[in-house]
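> below is the sequence, then the predicted model.
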Amino acid sequence: MFGLGMPELLIILLIILIIFGAGKLPQIGEGLGKGIRNFKKSIKEEENQESSSELESNKD
C-alpha cells in the first residue's frame, strides 16, 4: 500500500491526533464519509444519465 508499513501509518495517525485532537476525529471521519458517499452517488447518477440517453438515441 504505497510503501507504507504499520509504523508509518501509526506515526501519521499520531500526528493527525495531535493536530486535530480526539474530539474532532469523529467529525472529520463523518465529513470524509459524506464526501465519499456523495462522490459515489454523483458517479452513479452520471452513469444512469448516460445509459438513459443512449437508450433514447437508440429508439430514434
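Everything's here; your move. Predicted model, so just to flag it, every value in this text is computed and none were measured.
> when you work out contacts or count neighbours from here on, use the C-alpha atoms and nothing else.
Noted.
> distance between the host helix or strand of Glu46 and the chain's centre?
Element membership for Glu46, per DSSP states H and E: helix 25-59. Distance of helix 25-59 from its chain centroid, counting by C-alpha atoms, centre = their mean, to the nearest Å, is 11 Å.
> nearest the middle, which residue of this protein would you pick?
The chain has Ile36 as the residue nearest its centroid, 2.7 Å off, counting by C-alpha atoms, centre = their mean.
> any weak-confidence spans in this protein?
1, 54-60 (pLDDT under 70).
> recalculate using a threshold of 90.
1-4, 9, 13, 16-17, 19-26, 28-29, 45-60 (pLDDT under 90).
> and Ile19, how far is that from Ile12?
Using C-alpha to C-alpha, to the nearest Å, Ile19 is found at 11 Å from Ile12.
> kindly report the same for Gly29.
15 Å.
> can you list the residues that contact the host helix or strand of Ile18?
Here Ile18 is covered by helix 6-20, with elements defined by DSSP H and E. Identification of contacts with helix 6-20 by C-alpha atoms under 8 Å, 6 or more residues apart in numbering yields Leu25.
> try 6 Å this time
For helix 6-20, contacts defined as C-alpha atoms under 6 Å, 6 or more residues apart in numbering pick out no residues.
> so Gly23, which state does it fall into?
What DSSP: H, G, I helix; E, B strand; the rest coil gives for Gly23 is coil.
> just give me the neighbour total for it.
9 (other C-alpha atoms under 10 Å).
> also the one 4 residues further on?
Here the number of neighbours of Gln27 (other C-alpha under 10 Å) works out to 11.
> tell me how far the residue nearest to the centre of the chain lies from Gly29.
In terms of C-alpha to C-alpha, Ile36 sits 11 Å off from Gly29.
> and for Gly35?
10 Å.
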